[in-house]
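Undergrad: The following block contains a protein sequence and its predicted model.
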Amino acid sequence: MLRSLYRPRAILPNHKYHVLRTLATSSSRRETLPSSPIRVLRSVNSARVWRRPLFDTHRTVGLVPTMGALHSGHLSLIRAAARDNHHVVVSIYVNPAQFGPREDLDSYPATWDSDAHILARLDRELAGDGANLGRVSAVFAPTTTDMYPSGFPGQDIDSKGSFVSITPVGEVLEGASRPTFFRGVATVCMKLFNIIQPTRVYFGQKDVQQTVVIRRMVEDFMMPTEVVVGPTERDPTDGLALSSRNVYLGPRRRSVANVLFRALTAAETAYTESRHLDRESIVGAAEGVLDAVLQEQSGLAPERRSLFEVDYVSLADPDTMQEVDAVDPERGAVLSGAIKMLPVEKAAEGEDLGYSGGPAVRLIDNIILKPRTAEE
């Protein structure tokens, strides 16, 4: 009897070795981006397992949500997150709920390999900068099955499922043109925040209405996350706001695409230099630029022109995104707009029409009209 009781104890060291070896093997199989230590987290569970010990060590985590097709605007947000936090997580997930039923989800750029290369290179840069608190620790790249465990509910307005809707701020401007867009944004961000539980989240000013929606969601649902908004990154040659969608444009449409920024800049000048506060003067300045360029393009031959449609030019309250008749000089306003660059009518032989054959491209942009100081 004594001998039989002793035998299990005798094999405990071997059993412990087996467990440790299994854990080491499992650890060695953890996916990382090529040529980097950046973890790739493919599931909700793996992200939670990665995050859990960081609470015990009081390490801060910055989250930069993306849909991939990374550009320098994303990188500026990642750099800001690395300055502020011990760990940075970049999510790469093309959320189908942000696309309307008539929007081509399949044509959205799939750029995993180039994104991985960009992140690995950026992480090496961050490692050599002593001003940073942290680096890129992980990429969260889940599947739709994981993000929507009850099944994806669909993209129609009347789809049934679990959604987060932030109203009325999500119903105007972009929300009016794309009724399910902010419902999809708020829903996926709520999921990402619950999974990663970031100390801070980082968004770009280009999507100004999105930042207002996310701030409202975080405040109203009392989420322990700080929303950090970085400035809009622009092409240094002509001011076009950087966007993953710009790859669709092709050279011909790209040469005209900055018309929205030019229009908003004219409206900003009406506010800052001409001292106008009324809506007619400010919005009218933007509409004048848009009308002039559209008339000019319409006069060109089909094989040369790039046509576009104006969706809206907005002058709105900075907190509610509701339209205002005049700028409150003590609060400022949000000046924004959206245009749709139409497909090329007649392509020249061998012409580069852009990614996926150059479909219609919706472009948005904004400029913040800052409050006027007492000295002004």
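TA: Alright, I've got the coordinates.
Undergrad: What pLDDT is listed against the most centrally placed residue in the chain?
TA: The chain has Thr66 as the residue nearest its centroid, 4.6 Å off, counting by Cα atoms, centre = their mean. Each residue has a pLDDT score; the one for Thr66 is 97.
Undergrad: which residues sit in contact with it?
TA: When contacts are counted by Cβ atoms under 8 Å, 6 or more residues apart in numbering, Thr66 touches 74, 90-92. (Each C-beta comes from the backbone N, C-alpha and C, glycine too.)
Undergrad: Which members of those residues are the farthest-apart pair?
TA: The span of these, defined through Cβ to Cβ, is set by His74 and Ser91 at 11.0 Å.
Undergrad: who touches both of the two?
TA: By the contact definition Cβ under 8 Å, 6+ apart, His74 and Ser91 are jointly contacted by 64, 66.
Undergrad: picking up where we left off before, so which of the contacts of Thr66 comes closest to Lys370?
TA: For Lys370, the closest of those turns out to be His74, at 25.3 Å, with distances computed as Cβ to Cβ.
Undergrad: Now that closest one: which helix or strand?
TA: When secondary structure is defined by DSSP states H and E, His74 falls within helix 72-84.
Undergrad: quick one: contacts of that helix?
TA: If you take Cβ under 8 Å, 6+ apart as the criterion, helix 72-84 is touched by 60, 62-64, 66, 88, 90, 118-119, 122, 126, 131-136, 200, 202-204, 206, 228, 230-233, 241-243.
Undergrad: what's the answer for stretch 234-247, then?
TA: Outside stretch 234-247, the residues within contact range by Cβ under 8 Å, 6+ apart are 67-73, 108-109, 206, 232-233, 254, 257-258, 261-262, 265, 354-355, 361-365.
Undergrad: Which of those residues fall in strands?
TA: Counted as lying in strands by DSSP state E, out of the contacts of stretch 234-247, are 361-365.
Undergrad: Just the buried residues of those residues.
TA: The neighbour count (16 or more other Cβ atoms under 10 Å) marks 361-365 as buried among the ones in strands among the contacts of stretch 234-247.
Undergrad: bridging residues for the residue nearest to the centre of the chain?
TA: Ile92 (DSSP bridges).
Undergrad: i'd like the first residue to be 36 from this point on
TA: Yep, numbering from 36; the last one is Thr101 now.
Undergrad: how much space between it and Ser341?
TA: The gap separating Thr101 from Ser341 is 28 Å, by Cβ to Cβ, to the nearest Å.
Undergrad: now do Val124
TA: Separation of Val124 from Ser341 (Cβ to Cβ) stands at 38 Å.
Undergrad: So the two - more neighbours on which side?
TA: For the pair Val124 and Ser341, the greater number of neighbours falls to Val124 (28 against 23), based on other Cβ atoms under 10 Å.
Undergrad: which residues touch the helix with the most length in the chain?
TA: Counting by DSSP state H, the longest helix found in the chain is helix 314-333. Residues from elsewhere that reach helix 314-333, judged by Cβ under 8 Å, 6+ apart: 291, 294-295, 297-299, 301-302, 304-306, 309, 311, 340-343, 345, 348-350, 358-362, 370, 372, 374, 404.
Undergrad: So for that helix, what gets flagged as buried?
TA: 314, 317-318, 320-322, 324-325, 328-329.
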